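> I would like the atomic coordinates for the input below:
(one chain, ligands or ions: 1)
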Amino acid sequence: MDPLMIRVAVNGYGTIGKRVADAVAAQDDMELVGVSKTHVSPEAFVAIERGYPLYIADMGERAAFERADLPVAGSVEEMVKKADVVVDATPAGIGAKNKAMYERAGVKAIFEGGEKHELAGFSFNAHSNYKDAIGRQFIRVVSCNTTAITRLISYLDQEYGVEDIHVVLVRRASDPGEIKKGPVDAIVLHPVTIPSHHAPDVKTVLPNTSISTMAMMVPTTFMHMHAVQMRLKREPTVLELCALIRRAPRLRLVGTYTGMSSTAELAEYMRDIGRPRGDMWENGIFEDSLSIDGRNLRLFQAVHQEANVVLETIDAIRAADGTIREPEVSIEKTDRSVGLHPME
Ligand code: NAD
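The predicted model follows:
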């Protein structure tokens, strides 16, 4: 055990947890002490194949894991005691039940966007409020949609000042592996009322933002799409915006030359360029959609729900640990470790 390494446990090895575990394993300042599962599942076999110690939430299930030839390292409580920081990537609402266990063990915990802001008392986006997160015991990484919106606001606010933003979200119905939720054949208002929960959620990170959001759910598993309208304080040019998006570490310009106009093509492109699990960590902003009318900017951005919060979670671990105090240093380290380069 290296005292300079941050010992990280991932409680809940599902869609987000398995990606966070791989990203933790790729950091040179973190050590993955283990991951956890509730039941025998394909992901449990993946964890063992990757050499991650496997802990279980219910020790009554131990025999079932061992019958499946899945060695159990111990209980979740035992795993938590070995960590400096736990990432709670259990389904929405379970993190709230786990908080007392983290308090008892005296460990720091990062919750994901399915938990309420009040649970951690602090909602996080690396570009927006890394410094305010330094040393905190509990941090909540906001959801994939809120992450994408707060990123976009933070980058554009720095350059132009953001006066007001309105986002229409078209949401994927479920993740690709979630067979229990599909198939569906409808456009579901999510919810019917306006604003959707995203506007208040963005305000948990950026309290002074003037924002409204409306959301619909459609039968797809490939990413969300946002139609964004923003009023800036200063008029931009398309050329400047393209340069900013190319420079910004977690924004990606989906260039005219690619001919892409859908989430499906973007997902395929990510697989083709060899991204792990086909993950797109950045906001995919369509160059041809960039439209300027005075200080009003309109654009489409695609958001890969399974991927974008993973990088923010790694930065949140570092902020909680407190050794790296500059957001740019953590962001660059995280991105480099997974193989994300701004000009890729
Ligand atoms: P998931 O259902 O894919 O995975 C959750 C995992 O936790 C499963 O492996 C499950 O077996 C395990 N688990 C359940 N109860 C447990 C317990 N008591 N102890 C330990 N493990 C337990 O869920 P997910 O989609 O990865 O979501 C995790 C969190 O991330 C939620 O807060 C969610 O809102 C948030 N999030 C999800 C997405 C997404 O698109 N999937 C995007 C951003 C944020």
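
> list the residues that contact residue 332.
With contact set as CB atoms under 8 Å, 6 or more residues apart in numbering, residue 332 has these partners: residue 249. Just so you know, the C-beta spots here come from the backbone N, C-alpha and C atoms, and that holds for glycine as well.

> tell me the strands beside the helix or strand of the chain with the lowest mean pLDDT, with direction?
Within the chain, no helix or strand scores below strand 188-189, which has a mean of 93 by mean pLDDT, DSSP states H and E. Sheet pairing for strand 188-189, assigned by DSSP bridges, gives strand 211-218 (antiparallel).

> closest residue of the stretch 1-150 of the chain to the ligand?
residue 14 (1.8 Å; CB to the nearest ligand atom).

> need the pLDDT of that residue.
Confidence at residue 14, expressed as pLDDT, is 97.

> ok, it - contacts?
Contacts for residue 14 (CB under 8 Å, 6+ apart) come out as 43, 89, 90, 91.

> in TSV, list the residues you listed along with distance to residue 156.
TSV is the format used below for these (distance: CB to CB, whole Å):
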residue	distance to residue 156
43	37
89	30
90	34
91	33
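
> mind checking how far residue 264 is from residue 253?
Going from residue 264 to residue 253 by CB to CB, to the nearest Å gives 19 Å.

> same check, this time on residue 35
Note on residue 35: its distance to residue 253, by CB to CB, is 35 Å.

> which one's more surrounded, those two?
Neighbour count, other CB atoms under 10 Å: between residue 35 and residue 253, residue 35 has more, with 30 against 20.

> can you confirm that one is in a strand?
Yes - when DSSP: H, G, I helix; E, B strand; the rest coil is applied, residue 35 is found to be in a strand.

> would you mark the buried spots in the lengthiest helix in the chain?
Looking across the chain with DSSP state H, the single longest helix is helix 144-159. Buried residues in helix 144-159, counted by 16 or more other CB atoms under 10 Å: 144-157, 159.

> surely residue 149 meets residue 226?
Yes - between residue 149 and residue 226 there is a contact at 7.1 Å, judged by CB atoms under 8 Å.

> re earlier: partner strands of the following helix or strand past the longest helix of the chain, with direction?
Where DSSP states H and E defines the elements, the next helix or strand beyond helix 144-159 is strand 162-172. Here strand 162-172 has these sheet partners by DSSP bridges: strand 211-218 (parallel), strand 224-232 (antiparallel).

> nearest to the ligand, of these?
It is, among the strands paired with strand 162-172 and with distance given as CB to the nearest ligand atom, strand 224-232, at 8.9 Å.

> what residues does the closest one touch?
Residues from elsewhere that reach strand 224-232 (CB under 8 Å, 6+ apart): 144-145, 148-149, 152, 156, 160-172, 263, 295-303, 305.

> so which bits of the chain are right by the ligand?
11-17, 36-38, 43, 57, 76, 89-92, 94, 112-115, 143-144, 175, 305-306, 309 (CB under 6 Å from any ligand atom).

> ChimeraX command for the buried members of these?
Filtering the residues of the chain next to the ligand down to the buried ones (16+ other CB under 10 Å) takes a single ChimeraX command:
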select :11,12,13,14,15,16,17,36,37,38,43,57,76,89,90,94,112,113,114,115,143,144,305,306,309
